[in-house]
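1. Sequence and predicted structure below; questions after.
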Amino acid sequence: MSTNLQTPIDYLKGVGPNRAELLRSELGIHTYQDLINLFPNRYLDRTKYYKISDLQRNSADVQITGKITGFKEIAQKRGKRLVGTFEDDTGRMELVWFRGQKWIRDSIKINTPYVIFGKVNWFNGVFSMPHPDMELLSEHEKNLRSSMQSIYPSTEKLSNKGITNRVMTKIIQSLFIETKGRFQETLSESLMSELKLLPKSEALFNIHFPKNQELLAHSEFRLKFEELFYIQLQLILKNLIHKSKIKGFPFESVGHYFNTFYKDHLPFDLTNAQKRVLKEIRQDLGSNAQMNRLLQGDVGSGKTIVAFMSMLMALDNDFQACLMAPTEILSVQHYQGLQELSNKLNISISLLTGSSTTLERRKIHKSLENGELQILIGTHALLEDKVKFKNLGLAIIDEQHRFGVAQRSKLWQKNTSPPHILVMTATPIPRTLAMSVYGDLDISVIDELPPGRQTIKTVHRYDKNRLKVLRFIRDEIDKGRQVYIVYPLIQESETLDYKDLMDGYESIVREFPQPKYQISIVHGKMKPAAKDYEMQRFVKGETQIMVATTVIEVGVNVPNASVMIIESAERFGLSQLHQLRGRVGRGAEQSFCILMTGHKLSQDSKVRLETMTRTSDGFEIAEVDLRLRGPGDIMGTQQSGVLNLKIANIIKDKDILQSARFYAKRILNSDPSLSSAENKVILYTYRQLGKYKNIWNYIS
Ligand code: ADP
Ligand code: MG
């Protein structure tokens, strides 16, 4: 019998109740299991010793041999600090303690060789090392240690309470002694031999006490692979189960509406990407399973026409379809565009929003229920209980990130059987993230813009150059173009933002006086009707400037608008900047995006601005965004496993992720229920997954 890894850490030699409590509260380590999976953050090469004369300012984590020649106490604002003079044959430096001074004085031997270890500071012309790890040279030489020293995650409280890295290492050592370093294998033999993976026990030993770089690399690979493999397995299985359980309406035929539209009314040639995506959707809709597809396409890539043609597939099979958009402006625009196309095919289509009148609503409710109404476009209003379809076959959601998961599921409760769902988003999710969050969930990508688009010239300008920017705006307007000027709107300080916007608006009105110039303004505090009126004036070209908050972020299409000015651009996130920029560049003219900022910029802001001026590739921008923010902040990832990753990194370990996914798929293809003897260990491990909160908490 091997040691039960669910044993509380209190029982481990060298831990005890106080340390156990600290480990629990600071690092969330409750059991042996948690401890074994506390992987080092990094490793240091402890074969290397520095001389004091070699030190550089801010040398990180150096190891030096020398002696303490004396102590002095120095009073400071609060309390005092203890300073030891430390010398080797090349020079002298200071060791500094702010806490535990009595213990240091009592236990450190003067003029005796020590090996010290820590981070070096440069202060008042002397090198110093605060709270060094210290070990007598004689002990140091006796200890069998690997050349690679593990550095564990820690917190200030832990090191204050004496749980230094050395103590942590000792605790983990004692865990290996108690368990004899034997841990249950969690991957199948065939996987291990095919991928030449290290056995679990060996990998765990070497991740904590690497014998050399090569073994460390193998161990990391094995553990990362395992982590990603089980996440992929889980995602793929979930999706398989979903597909087998949730039946959808099979749309058997492509019929009259689709074919007529395709032959006679398509306003342009579809791009190859649009064609491919339509095929993918068609395949889903024709099968017996409910479609649950995410359609990603950069701003302007032409998702709307794909949505419309998908709705035609539903109509061809005598089903209704709906399209839900996050804002009134956007749903109106969708409605107007699709109404025109629908009229050519004699399709009945209506718009339902918060500002629909009671009379309109009543008409819509009735014709929905008796099946006369074929397509319904609208906002959240579609989710109201009164909205009942006769037979909703396809629900399309535009710009998914504005809707919560709960709202989406509300939509598919509107039927006896769930409609097919197509979620469209212009926020590109990096492939790696999509894979780890959605696994095998169906994603279609329109990765090609319609022909003839020009790239948008993007520049960063400081506020002090505003005059030049204003001149530029004037020139563009004189050429007949229209201009957006966008102000940030961040919920927490809505009043402040509102003031910024109004101040901005007033100064724009001063710079661009009537009657020569006409200006629209749109913001969240306006009534929908007023917003719509202002928006329409801009769409029709009656106003040349649109001053707005981010309400125009999504979807709005005004081809003649060729200049986008973003005020306080440093306050916007990358994906928002990218979305906003997508509002221009929709016509034949050269378009411009000007990012205005103050002078003081954080490092992250600089990266964001630099990225925006360098590229217009939504996927590349999303990758940078992912790097800056981490997966945690990116929509839709909150509930997923990516946040609990212990050792793999979905950005850096893309290749391992891909391979983990490949093998997970292959195994499930040949043995979907994991019932073969070969896959027994995988099934066992997989089953344990459900019991604990992440994949590292199972073996026992
Ligand atoms: P988005 O993907 O951002 O929703 P839209 O569907 O609004 O993009 O399309 C942007 C513009 O490109 C629209 O004016 C649309 O009519 C046009 N468009 C879409 N597909 C094509 C195409 N294949 N060829 C030419 N223009 C297209
Ligand atoms: Mg759109």
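-> Here it is on my side, so go on. Numbering: from 1, shown residues only. Ligands and ions are numbered 1, 2, ... in the order given.
2. Which part of the stretch 151-300 of the chain gets nearest to ligand 1, residue-wise?
-> Using C-beta to the nearest ligand atom, the single residue of the stretch 151-300 of the chain nearest to ligand 1 is Phe268, 3.7 Å away. To be clear about C-beta, it is placed using only N, CA and C from the backbone, and glycine gets the same treatment.
3. mind listing what that residue touches?
-> When contacts are counted by C-beta atoms under 8 Å, 6 or more residues apart in numbering, Phe268 is found next to Pro450.
4. Tell me the helices and strands packed up against whichever strand or helix holds Leu341.
-> Element membership for Leu341, per DSSP states H and E: helix 328-344. Counting contacts by 3 or more C-beta pairs under 8 Å, 6 or more residues apart in numbering; DSSP states H and E, helix 328-344 packs against helix 303-316, strand 320-324, strand 349-352, strand 375-378, helix 528-539.
5. hmm, try it at 7 Å
-> For helix 328-344, the elements it packs on are helix 303-316, strand 349-352, strand 375-378, helix 528-539, judged by 3 or more C-beta pairs under 7 Å, 6 or more residues apart in numbering; DSSP states H and E.
6. now the ones you listed in JSON lines, with mean neighbour count?
-> What follows is the helices and strands packed on helix 328-344, written out as JSON lines (neighbours: other C-beta atoms under 10 Å):
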{"stretch": "helix 303-316", "mean neighbour count": "23"}
{"stretch": "strand 349-352", "mean neighbour count": "22"}
{"stretch": "strand 375-378", "mean neighbour count": "26"}
{"stretch": "helix 528-539", "mean neighbour count": "18"}
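7. nearest to ligand 1, of the ones you listed?
-> Closest of those to ligand 1 is helix 303-316, at 3.2 Å (criterion: C-beta to the nearest ligand atom).
8. circling back to that earlier point, okay, the helices and strands packed on helix 328-344 in TSV with distance to ligand 1 and mean pLDDT next?
-> Shown next, in TSV, are those (distance: least, C-beta to the nearest ligand atom, whole Å; pLDDT from 0 to 100):
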stretch	distance to ligand 1	mean pLDDT
helix 303-316	3	96
strand 349-352	17	98
strand 375-378	14	97
helix 528-539	13	85
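9. Would you pull up the residue in the stretch 351-500 of the chain closest to ligand 1?
-> Ligand 1 sits closest to Pro450 of the stretch 351-500 of the chain, with a gap of 3.4 Å, by C-beta to the nearest ligand atom.
10. what about that residue, how many neighbours?
-> Pro450: 17 surrounding residues under other C-beta atoms under 10 Å.
11. and it, what is it in contact with?
-> Applying C-beta atoms under 7 Å, 6 or more residues apart in numbering to Pro450 gives the contacts Phe268, Thr271, Gly302.
12. now do 6 Å
-> Pro450 makes contact with Thr271, Gly302, according to C-beta atoms under 6 Å, 6 or more residues apart in numbering.
13. May I have the phi/psi pair for it?
-> Reported as degrees, to the nearest 10, the phi and psi values for Pro450 are phi -60, psi 150.
14. pLDDT score for Gln579?
-> On pLDDT, Gln579 comes in at 85.
15. Helix or strand for it, just tell me which one.
-> Using DSSP H and E, Gln579 falls in helix 574-581.
16. Could you point out the helix or strand that follows that helix?
-> Next helix or strand after helix 574-581 toward the C-terminus (DSSP H and E): strand 592-597.
17. That next one: how far from the chain's middle?
-> Centroid separation for strand 592-597 versus its chain: 25 Å, with C-alpha atoms, centre = their mean, to the nearest Å.
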